[in-house]
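Student: Build the 3D model from these lines:
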Amino acid sequence: MCNKSMSMQEKLYCLLIYLPSLEDLLNTSMIVATTGTIDVLDDNSSTCTKVDCWMTIGSTQLYSSDRSCIRSSEWLNDRVIFAAEELLKQQHPHISGLQNPILQLTGSFEIMKKPFVQILNHAGNHWITISTIDCEPGSVFIFDSMNLLLTKELQMVVADLLHLQDHQHIVLKHVKMQYQIGSNDCGLFAIASACALCNEFNPAKMKFEQSIMRQHLLKAFQDKELTPFPHKKSRQQAISIIEKKVRIYCICRKPDSGGKMILCSNCKEWFHCACVKVVDNIIFESNWLCDVCR
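Tutor: Numbers count the residues shown, from 1 in each chain. Purely as a prediction, here's the structure:
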């Protein structure tokens, strides 16, 4: 996701990298370049800007700016997050998920039918990891280094990933884990949590050595192998989990979005008017039937 501090040019880089259809349309060579520089047309003029390429991991082109981002104390962008996910996917092909986080913007995530791991963006400026590994049906574990509750928007994203047909609720299991120091290392903790889960470790039982997490990620990219982040065993005796039930509705199997909904007079199920294409003048009809009940 492009954060607020990005220039229009940087946002264009983000889109070109993550949307193959755009790459095809523009016939650009951004993704295939692995080293050296490439020319990108400036958004405010007809001049070209030189962009230094660092390396390619899977389908993700990383740039020198991404390397600088990891080395410094900056917030990790989508390219870095997805590059780490691609490494994990290569090393753990049996693990589902690990999809490009840019798909969250367009609601284009593939529905997960098997246990999965996925890094998500929270409110535009924070990274978290969710997983259904070793989770009961209808539930999902949430690993967040700031221990925040999910926004309604992110609840919709989780529901979209699960698309539960035989449940009326999603059970969000917020797992208390190590709290990050500072505000910019959430991406590192999200990657570390995803890596732990792929290696059959519980992130809640690990105390990551935050001061060397960036060096570990840099080495992982250079070696093209992401191993569990340096850590100590957590002193936490019991794992603390806060559960929240979120009601899901409609053919989309998502929560109440705040928009208009209509009740089927037969099955008593609520539907989002936008999903079932109900117009305003029949919202208050008492005998409306859904497609299943007609």
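Student: okay, now the residue lying closest to Asp52 once chain neighbours are set aside: neighbour count?
Tutor: The shortest distance from Asp52 to any non-neighbouring residue, by Cβ to Cβ, 6 or more residues apart in numbering, is to Ser64 (3.8 Å). Bear in mind the C-beta positions are built from the backbone N, C-alpha and C, glycine included. Neighbour count for Ser64, taken as other Cβ atoms under 10 Å: 13.
Student: Quick check: Ser64 vs Trp54, distance?
Tutor: From Ser64 across to Trp54, the span is 5 Å (Cβ to Cβ, to the nearest Å).
Student: follow-up on the earlier one: close enough to count as contact, the residue nearest to Asp52 and Ile70?
Tutor: No - using Cβ atoms under 8 Å, Ser64 is not in contact with Ile70, being 10.9 Å away.
Student: got the residue ranges for the strands in this protein?
Tutor: Counting by DSSP state E, the chain has strands at residues 36-41, 48-57, 60-63, 96-97, 116-121, 127-131, 139-143, 169-175, 206-208, 231-233, 241-247, 261-263, 270-272.
Student: ok, how many other residues are close to Ile181?
Tutor: Neighbours around Ile181, by other Cβ under 10 Å: 10.
Student: got the buried residues for stretch 266-274?
Tutor: Within stretch 266-274, the residues scored as buried using 16 or more other Cβ atoms under 10 Å are 271-273.
Student: repeat for stretch 199-218
Tutor: Buried positions in stretch 199-218, judged by neighbour count with 16+ other Cβ under 10 Å: 202-204, 206, 208, 210, 213-214, 216-217.
Student: As a markdown table, those with pLDDT and distance to Asp78 would be great.
Tutor: Formatted as a markdown table, the buried residues of stretch 199-218 follow (pLDDT from 0 to 100; distance: Cβ to Cβ, whole Å):
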| residue | pLDDT | distance to Asp78 |
| --- | --- | --- |
| Asn202 | 95 | 26 |
| Pro203 | 96 | 21 |
| Ala204 | 94 | 26 |
| Met206 | 95 | 25 |
| Phe208 | 97 | 22 |
| Gln210 | 97 | 22 |
| Met213 | 98 | 18 |
| Arg214 | 97 | 17 |
| His216 | 98 | 20 |
| Leu217 | 98 | 15 |
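Student: Quick one: those residues as a markdown table, columns for distance to Thr129 too.
Tutor: Below are the buried residues of stretch 199-218 laid out as a markdown table (distance: Cβ to Cβ, whole Å):
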| residue | distance to Thr129 |
| --- | --- |
| Asn202 | 12 |
| Pro203 | 8 |
| Ala204 | 11 |
| Met206 | 13 |
| Phe208 | 13 |
| Gln210 | 16 |
| Met213 | 14 |
| Arg214 | 18 |
| His216 | 16 |
| Leu217 | 15 |
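Student: what pairs with Lys207 across the strands?
Tutor: Lys232 (DSSP bridges).
Student: cool, Ile262 as well?
Tutor: For Ile262, the beta-bridge partners are Phe271 (DSSP bridges).
Student: burial count for it?
Tutor: The number of residues packed near Ile262 is 20, by other Cβ under 10 Å.
Student: With Ser108 instead?
Tutor: For Ser108, the neighbour count with other Cβ under 10 Å is 11.
Student: what residue is smack in the middle of the chain?
Tutor: Leu120 (2.2 Å; Cα atoms, centre = their mean).
Student: In contact with it, which residues?
Tutor: Contacts for Leu120 (Cβ atoms under 8 Å, 6 or more residues apart in numbering) come out as 101, 104, 127-130, 154, 157-158.
Student: Determine which two of the buried residues of stretch 199-218 are furthest apart.
Tutor: Greatest spatial distance among the buried residues of stretch 199-218 (Cβ to Cβ): Asn202 and Arg214, at 23.1 Å.
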